[in-house]
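Chemist: Next comes the sequence, and after it the predicted model I'd like to discuss.
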Amino acid sequence: MLQSQLFGKTRKEAPSDEVAKNAKLLIRAGYIDKLQAGVYTYLPLGFRVLKKIEAIIREEMDAAGGQEILMPSLHPKDNWETTGRWDSMDDLYKVQDSSGRENALGPTHEEVVVPLAKQFVFSYKDLPLALYQIQNKFRMELRAKSGILRGREFIMKDLYSFHRDEADLAAYYEKMKGVYKRVFERMGIGAVTHLTFASGGSFAKYSHEFQTVTPAGEDTIHVCTKCGIAINQEVVADQKACPECGSDELTQEKAIEVGNIFELKTKYSAPFNLTYKDEEGKDQPVIMGCYGIGLGRLMGTIVEVLADEKGIVWPEEVSPFQVHLIDLSGKNEELKKEVQDVYEKLSAAGVAVLFDDRDLRAGEKFADADLLGISMRAVVSEKSLAAGGVEVKYRAEQEGKIVSKEEFFKLFVR
Ligand code: ATP
Ligand code: MG
């Protein structure tokens, strides 16, 4: 992709009404655009990152036995009255059409997935079952000042699991802890993301959140210095020791919830009367779990945690391009040919490359490359050629190094 053709340009200043670091940087770098508070467009760069995040999550959910579906956003009021959440959920968007019919804009999908499961789950042979989707959610968030960390419209992966008994749910729930851990490790925030004990509501003692430590976080957690497990202060305030290893050496941190897992048990299957027939032909309630990850929030969190004073720093797995190739040839036609050749070879090999072909000074190009944060930068210049090839610099590292052209192309062989 030629950078001169890229839709969305870098900006010197962030809009004055943005206070969150993630939004400031993502807007300045041309990844997102704000339509209104808590509602953002993903521009080509931002959409590429989102797709990468989505692909990782999809891969892990499929591996965990999830079957992907896509449920609607427009939900009949009846379903929400069945669970009582039409009245109890403060942040529910309610819309009325010209015929007077009322709908909810889905903030979560138990009210759709449970009636759906009821159409296909009849016997113990139909269980266990795990359905998930990656889809837009709507919530009337009071505070929408955190950029893409807290949207009024945002993208969530929500998985719902259905089981014959609590033991089967417990086993799947444990498995999902590991799946979530791997998702956050692959996103480059594994080291600062903690499995956190939170209130479980009335159906389970605890639920679990995955909390990423960052000053931008709205939650306060207490992290066990021994085992790395954390406790959410707001919900389990009376817990003074680590629920996992018993240690009382805990450190207080600000954190953002990037995902959570919940044992719903019969909370939603009961109101919809979702049951199955066991081996004896007896009706039993279906036991459920739910598992969420906010994709935009995750993207914003990666920015908050990894960015430096020069701009965004993407981990390789979510970087919008594999390499940012910078043309510094200016009026040197021979050099221009060399750089073009590298670009064409990379493109022909299927490497996702952003080629800075713009007519700008070197300093401006480097500053933009730092702001954009693509995981690898490559420069072909008189200097690099004299030293034997291509200068490669990883965004997360301070120093670049010269490699031969041959070695350079080998970096992209998987
Ligand atoms: P919070 O306490 O931060 O409002 P929540 O408990 O309401 O989160 P869930 O309903 O469990 O969140 O949603 C699952 C996941 O969706 C969260 O872990 C988070 O990653 C994401 N999420 C929730 N609300 C938002 C939002 N307004 N904008 C972006 N992502 C969100
Ligand atoms: Mg919320």
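Modeler: Cool, got the structure. Ligands and ions are numbered 1, 2, ... in the order given.
Chemist: Now do the same for the closest residue to Lys265 other than its chain neighbours: its pLDDT.
Modeler: Leaving aside its chain neighbours, Lys265 sits nearest to Phe203 (4.6 Å; criterion: C-beta to C-beta, 6 or more residues apart in numbering). All C-beta atoms are positioned from the backbone trio N, CA, C, and that covers glycine. The confidence metric pLDDT takes the value 74 at Phe203.
Chemist: how many neighbours does Phe203 have?
Modeler: Neighbourhood size, Phe203 [other C-beta atoms under 10 Å]: 14.
Chemist: when you give positions from now on, start the count at 48
Modeler: Got it, first residue is 48 now, which makes that one Phe250.
Chemist: can you pull the contacts of it?
Modeler: Glu310, Leu311, Lys312, Thr313, Lys314 (C-beta atoms under 8 Å, 6 or more residues apart in numbering).
Chemist: Let's see that with 7 Å instead.
Modeler: Shown in contact with Phe250 (C-beta atoms under 7 Å, 6 or more residues apart in numbering): Glu310, Leu311, Lys312, Lys314.
Chemist: Give me every residue in the stretch 48-197 of the chain that's in contact range of ligand 1.
Modeler: Thr155, Arg186, Glu188, Arg197 (C-beta under 6 Å from any ligand atom).
Chemist: Mind listing what's buried along the strand ranked longest in the chain?
Modeler: The residue-count maximum for a strand in the chain (DSSP state E) belongs to strand 297-312. For strand 297-312, burial by neighbour count (16 or more other C-beta atoms under 10 Å) applies to 297, 300, 302-312.
Chemist: avg pLDDT for it?
Modeler: So the average pLDDT for strand 297-312 ends up being 97.
Chemist: In the stretch 48-197 of the chain, which residue sits nearest ligand 1?
Modeler: Arg197 (4.3 Å; C-beta to the nearest ligand atom).
Chemist: I'd assumed Met187 was in contact with that residue.
Modeler: No - Arg197 is beyond contact range of Met187, at 11.5 Å (criterion: C-beta atoms under 7 Å).
Chemist: Compare these two and say which is more crowded by neighbours.
Modeler: Using other C-beta under 10 Å as the criterion, Arg197 and Met187 rank with Arg197 on top: 22 against 15.
Chemist: Local confidence estimate at the more buried one?
Modeler: What the model reports for Arg197 is a pLDDT of 97.
Chemist: Helices along the stretch 298-447 of the chain, start to end?
Modeler: 342-353, 380-395, 409-419, 429-433 (DSSP state H, counting those that start in this stretch).
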